[in-house]
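Undergrad: A predicted structure for the sequence below; I have some questions about it.
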Amino acid sequence: MNAEGRLAGRFVALGITGSIAAYKAVELLRLLRAEGADVAVLMTQSATRFVGTLTLEALSRHAVESDVLALQPDGRIGHVVIADAADAIVVAPATAHWLGMMANGIAGDVVTATCLASAAPVVVAPAMDGEMYEHPATRRNVARLHEDFGCAIVDPELGALASGQTGVGRLAALPLIVDAVVAAIGDRPIRAPGAARPALVEPRHEEDLAGRHVVVTAGGTAEPIDPVRFIGNRSTGKMGMAIAQAALDRGASVTIVAGLVSVAPPEGARIVRAETTETMRAAVLHELVAPDGGAGLDALIMAAAVADFRPRLTADTKLARGGPLVLELEATPDILAEVGRISRGSDVGGALGRALEPRPVLVGFAAETGSLARAPEKLRAKGVDLLLANDVSQADSGFGTDTNRVTVYSRDGDADPWPLLSKHEVADRLLDLVAGRLDERDAGRQTGGAPSAQETTR
């Protein structure tokens, strides 16, 4: 950050919406930083499909905000902190959809919500297909943002568009957008220096999982009653996706076996969809063993909330509404326990008939209510290396929250209760343990040492 630039000491929020021009926002961020600005990035969910968050976080040193409910590490609501602290908000690129939402005050995403919640000047740089930009509805929305709300508009340029056509809709030259931000701030006083701004993110971990294959299950499963109804749970997949992102950041090759999820998977992971317990079981077992009979993965982290029961019979057609409906339930397969048996070669009647080599690290999650007393027995029964248990009846660690309060159980140690952390922090702490165990495993194989006590008890 240049202390002598035109934006020295200023805090700028950069909003990115779902346009193909979103990739240019990375360079815009760099230019704003070069002018001395402290920059935090806001993204709509569609924008995350065009550009990943890792580069933006590395350049800005702030967590990317894409969820209106996301919390800062200190517990503050991320987009509210940005709204209160920003000296200017620049939305580039701004899609026709976003222009319409903002012009009508509909806070359907974190970018719009921040603009509506802030007294900072707003700079808008539209980008879209030329005919779309010329449509009277779009022109009316742009005019309203400028004339009624005081937004500075940096008009798009004439040029080649993603559709293959040529027209007015190309994102304005980035230096012009920076100039507009400088002009919008003018000589206004700095709104919120120092601690009032979003916290800086810690430097990324070294790539201690480079060359590793990590499989993460995420979300809930849906056990069908009939073609349109199912038995499910409240899992959103946030914890699993946070683990997958953290593993990618550490250099791992990541496969996500995704059940029903309500959050987007991180860019760079391979996604296998598996919405029932049986399909999730098949997907996990497929990843577990490589074609040569060795281990197909280095670590399996079962963060999914797999249903414990399913209807014994599933109707082929939609059941009609009528009197009481009685469902006979049966237990679903315990995927993690089966993986544990296969890994240590104790799967009676299994096709492999021997322990997997090299032995993968297995991690389970246990969602409990009221007490974690059953967690140690679950650790032993499933044959895992680590079990993370949490009380989902607590408001800050249940399904759908951005935080979690877990206790970690391991075969070679006592229970370790962790404090309330963001799910990303839980993911990083967990992967510290996983990376350490993988290093110990490989060191033992290289030296030809005897199996550890932990290995012989599995």
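TA: Received the coordinates, thanks. Numbering: from 1, shown residues only.
Undergrad: dump the residue contacts of residue 82.
TA: Going by C-beta atoms under 8 Å, 6 or more residues apart in numbering, residue 82 touches 13, 40, 42, 65, 114, 118, 198. The C-beta positions use only the backbone N, C-alpha and C, and glycine is treated the same way.
Undergrad: hmm, 6 Å instead?
TA: 13, 40, 114 (C-beta atoms under 6 Å, 6 or more residues apart in numbering).
Undergrad: from memory residue 340 sits against residue 383, does it?
TA: Yes: with contact defined as C-beta atoms under 6 Å, residue 340 counts as touching residue 383 (2.9 Å).
Undergrad: can you tell me the closest non-neighbouring residue to residue 18?
TA: residue 46 (2.7 Å; C-beta to C-beta, 6 or more residues apart in numbering).
Undergrad: measure that neighbour to residue 358 for me?
TA: Per C-beta to C-beta, to the nearest Å, residue 46 is found 41 Å from residue 358.
Undergrad: compare these two (neighbour count), which wins?
TA: Just comparing residue 46 and residue 358: by other C-beta atoms under 10 Å the higher neighbour count belongs to residue 46, 17 against 14.
Undergrad: can you list the domains in the chain?
TA: Domain assignment for the chain by automatic domain parsing gives 11-196, 213-456.
Undergrad: out of these, nearest to residue 5?
TA: Smallest distance to residue 5 across these (C-beta to C-beta): 3.2 Å, for domain 11-196.
Undergrad: give me the mean pLDDT for the closest one.
TA: Per-residue pLDDT over domain 11-196 has a mean of 91.
Undergrad: what do you get for stretch 405-413?
TA: Average pLDDT, stretch 405-413: 87.
Undergrad: got the contact list for it?
TA: Stretch 405-413 has contacts (C-beta under 6 Å, 6+ apart) with 372, 375-376, 379, 386-390, 397, 415-418, 420, 454.
Undergrad: any low-confidence regions in the stretch 251-400 of the chain?
TA: Counting by pLDDT under 70, the ranges of the stretch 251-400 of the chain that qualify are 348-352.
Undergrad: quick one, strands of it?
TA: With strands called from DSSP state E, counting those that start in this stretch, the stretch 251-400 of the chain shows them at 253-258, 270-273, 299-302, 309-311, 329-331, 361-368, 386-391.
Undergrad: what's in contact with the first one?
TA: With C-beta under 6 Å, 6+ apart as the test, strand 253-258 has contacts from 213-219, 244, 247-248, 265, 269-274, 280, 283-284, 287.
Undergrad: are any of those buried, and which?
TA: Using 16 or more other C-beta atoms under 10 Å as the burial test, the contacts of strand 253-258 include 213-219, 244, 247-248, 265, 269, 272, 274, 280, 283-284, 287 as buried.
Undergrad: then the helix or strand hosting residue 132 to PDB, C-alphas only?
TA: Under DSSP states H and E, the secondary-structure element containing residue 132 is helix 130-134. What follows is helix 130-134, C-alpha atoms only, in PDB (Å, rounded to 0.1, in the frame of the first residue of the first chain):
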ATOM      1  CA  GLY A 130     -24.800  -3.500 -25.100                       C
ATOM      2  CA  GLU A 131     -28.500  -4.000 -25.800                       C
ATOM      3  CA  MET A 132     -29.100  -4.700 -22.200                       C
ATOM      4  CA  TYR A 133     -27.400  -1.500 -21.100                       C
ATOM      5  CA  GLU A 134     -29.500   0.500 -23.600                       C
END
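Undergrad: that helix packs against which elements?
TA: Judged by 3 or more C-beta pairs under 6 Å, 6 or more residues apart in numbering; DSSP states H and E, helix 130-134 is in contact with strand 166-170.
Undergrad: contact partners of the strand it packs on?
TA: Strand 166-170 is touched from outside by 128-130, 133, 156-161, with contacts defined as C-beta under 6 Å, 6+ apart.
Undergrad: ok, stretch 188-200 next?
TA: Here stretch 188-200 has contacts from 9, 11, 40, 61-62, 72-73, 81, 85, 87, using C-beta under 6 Å, 6+ apart.
Undergrad: save the residues you listed as TSV, and put in distance to residue 180 and neighbour count too.
TA: Listed next are the contacts of stretch 188-200 as TSV, based on distance: C-beta to C-beta, whole Å; neighbours: other C-beta atoms under 10 Å:
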residue	distance to residue 180	neighbour count
9	19	13
11	17	24
40	18	30
61	24	17
62	22	22
72	28	19
73	32	17
81	24	21
85	20	22
87	13	23
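Undergrad: just the buried residues of the helix or strand residue 443 falls within, please?
TA: Taking DSSP H and E as the criterion, residue 443 maps to helix 423-447. Using 16+ other C-beta under 10 Å as the test for burial, helix 423-447 gives 423-431, 433-435, 437-438, 441, 444.
Undergrad: check stretch 116-130 too.
TA: Of all the residues in stretch 116-130, those buried under the rule 16+ other C-beta under 10 Å are 117-118, 120-130.
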